[in-house]
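Peer 1: Okay, sequence plus prediction incoming.
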Amino acid sequence: MSGEFIEPKVDIALANDVTAPLAIKEFRESGSGAEKVFDKNKIVLVMDHFTPNKDILSAEHVKFVREFAKKHKIKHYFEGGNVGVEHAIVPEKGIALPGDIIIGADSHTCTYGALGAFSTGVGSTDLAAAMVTGKVWFKVPSSIKFILKGKLNKWVSGKDIILYIIGLIGVDGALYNSMEFAGPVCKKLNMADRFTIANMAIEAGGKNGIFTPDEITKEYVVKRAIRKYKFYESDRDAKYLKTYEIDCSKILPQVALPFLPSNAKAVKDVKKTYIDQVVIGSCTNGRIEDLRIAASIIKKGKKVNPNVRTIVIPATPAIYSQALKEGLLKVFMDAGSVVCAPTCGPCLGGHMGILASGEKCVSTTNRNFVGRMGHIESQVFLANPAVAAASAIKGYIAMPDEIK
Amino acid sequence: MSDIILKGNVHKYGSNVNTDEIIPARYLNTTDPAVLAKYCMEDIDKDFVKNVKPGDIIVAENNFGCGSSREHAPISIKAAGVSAVIANSFARIFFRNSINIGLPILESEEAVKSIKNGDEVEINLNKGTIYNINQNKTYQSQPLPEFMRKIIKAGGLLGYIK
């Protein structure tokens, strides 16, 4: 029941190179738990934020986590050649599965709700406690239901649906609540789109975002799952705090203007905005489906605008390798863009594409707060990969249809 | 449980103060509270660290601490000397993190509406009362549950479970 306090066991406790060092420090200081982790197979450590290590302090952090992982024989430790952006690689490797309870010291841990898991972000101390006990306390959230109906317009993807929803309800529109995505449109969304939607539940303040698993989920997990999983669906008589019917046929490709993800507008309604950088990647939109659509537009446009640094970051090594095989990386490079190793990098203003004062960037990432990608006077515009690619070609925020 | 009294001057902000503004990612290559304190609130108020005094209180509108799960955000606020944050509402991860590291937080729309930047305020954490010394007004917030107050008194979750 919503409002009830529960203390479930977790199937996965996840952290990255920014949050794991704090969690490990706290784990050691917790006295009782300093000796042993609750389960070496259920802790996942992904060194993705400031890697390949951007400076000495970051390298020391990764070294600290690596030594911890070795000492405790942590099975799922990702670094170097096997690292991908956490919320892309964890489901890709079949580690996060339907029916799981997952906590991660990263706010975008809500991504795995796309699989039909309960998955939410916590801080390092909660994670440290879970590394000791295998448990975490929660207040059961109320649910808000989003029924997605209608026919998707051309170029509209999961990113546009979620930006539209955040625009509708605001950055605290789902504060403390669960966001459940339902309705006929869901059946047509592939896993990449579902991951993108669940990923950004946090940008509306949501505790988690969740889809009902189906044949599409099954097809994705069946060949990846490293253990058993279970499909759950909502009770027929489930009560919702609120229900929104979203007519998706009204959604056009979106762009979220600085400095909140809720400043969403149709691209066609945005006045001509010249840009300095484009980033295509991240846990939100760095999957192979994203690279395919971006490459198809870049190929049509042949060359990116000389004023636009275009940075493409495949989210995992497998995605990188697949993009290489399909010739997508050659398309990006021939057009004058740069292809980077998998990393969160510029998304949070870490490295690999930091903005100077006054610079503007169209990015397929998830946040456009003040200073998110660099200088406090820089600006980030959030969009889908097709809009980002079109903008890279044109040099201003553009619709994919403008590339002939 | 004995009263916890917090007293200081107010630094007031608007809605959606996010973790990138509280502690920008360029400082996340450290976990040292003293270093994080030096850059607290840098991207929303570059003079904050210069102006803040031990015991001071942050007051903000809606959804304070939205964004990332970085515990570095409440750590930097606490290490900068801030004794409490009062807001209309908090982002949920920030709420958990604050309690877990022992930073008192209170929700009170009445207080947020009335308190002005620079006002001197005294909080009784057990009672949830907020007394505005400048305006001679008292506001009521829902007191934190006792276990959360115990965590705060122990300096955080780890001190509490030890």
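Peer 2: Now that the structure is in, tell me what you want to look at.
Peer 1: for chain A, what spans make up the helices?
Peer 2: A:20-29, A:56-71, A:86-92, A:124-133, A:158-169, A:191-199, A:215-222, A:282-285, A:288-301, A:317-325, A:328-334, A:385-394 (DSSP state H).
Peer 1: now do chain B
Peer 2: Using DSSP H, the helices found in chain B span residues B:19-22, B:33-38, B:48-51, B:72-79, B:92-101, B:109-114, B:146-153, B:157-161.
Peer 1: Dump these to JSON lines, plus mean pLDDT.
Peer 2: As requested, those are arranged in JSON lines below (pLDDT from 0 to 100):
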{"stretch": "helix B:19-22", "mean pLDDT": "98"}
{"stretch": "helix B:33-38", "mean pLDDT": "98"}
{"stretch": "helix B:48-51", "mean pLDDT": "98"}
{"stretch": "helix B:72-79", "mean pLDDT": "98"}
{"stretch": "helix B:92-101", "mean pLDDT": "96"}
{"stretch": "helix B:109-114", "mean pLDDT": "98"}
{"stretch": "helix B:146-153", "mean pLDDT": "88"}
{"stretch": "helix B:157-161", "mean pLDDT": "80"}
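Peer 1: would you list these in a markdown table and tack on mean neighbour count?
Peer 2: For every residue, glycine as well, the C-beta is placed using N, CA and C. Formatted as a markdown table, those follow (neighbours: other C-beta atoms under 10 Å in any protein chain shown):
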| stretch | mean neighbour count |
| --- | --- |
| helix B:19-22 | 27 |
| helix B:33-38 | 16 |
| helix B:48-51 | 14 |
| helix B:72-79 | 27 |
| helix B:92-101 | 27 |
| helix B:109-114 | 17 |
| helix B:146-153 | 17 |
| helix B:157-161 | 19 |
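Peer 1: As CSV, the ones you listed with distance to residue A:47 would be great.
Peer 2: Shown next, in CSV, are the helices of chain B (distance: least, C-beta to C-beta, whole Å):
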stretch, distance to residue A:47
helix B:19-22, 20
helix B:33-38, 21
helix B:48-51, 30
helix B:72-79, 17
helix B:92-101, 21
helix B:109-114, 40
helix B:146-153, 30
helix B:157-161, 24
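Peer 1: would you list the helices of chain A in CSV and tack on mean pLDDT?
Peer 2: As requested, the helices of chain A are exported to CSV (pLDDT from 0 to 100):
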stretch, mean pLDDT
helix A:20-29, 92
helix A:56-71, 98
helix A:86-92, 98
helix A:124-133, 94
helix A:158-169, 98
helix A:191-199, 98
helix A:215-222, 98
helix A:282-285, 98
helix A:288-301, 98
helix A:317-325, 98
helix A:328-334, 98
helix A:385-394, 98
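Peer 1: Now render those helices as CSV, adding mean neighbour count and distance to residue B:1.
Peer 2: As requested, the helices of chain A are exported to CSV (neighbours: other C-beta atoms under 10 Å in any protein chain shown; distance: least, C-beta to C-beta, whole Å):
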stretch, mean neighbour count, distance to residue B:1
helix A:20-29, 22, 24
helix A:56-71, 17, 36
helix A:86-92, 27, 40
helix A:124-133, 26, 22
helix A:158-169, 25, 39
helix A:191-199, 27, 41
helix A:215-222, 15, 48
helix A:282-285, 30, 42
helix A:288-301, 22, 53
helix A:317-325, 18, 53
helix A:328-334, 19, 61
helix A:385-394, 29, 54
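Peer 1: Check what contacts stretch A:172-180 and list those residues.
Peer 2: A:139, A:141-146, A:166, A:201, A:204-210, A:234, A:240-241, A:262, B:16, B:62-63, B:66, B:89, B:91-92 (C-beta atoms under 8 Å, 6 or more residues apart in numbering or on different chains).
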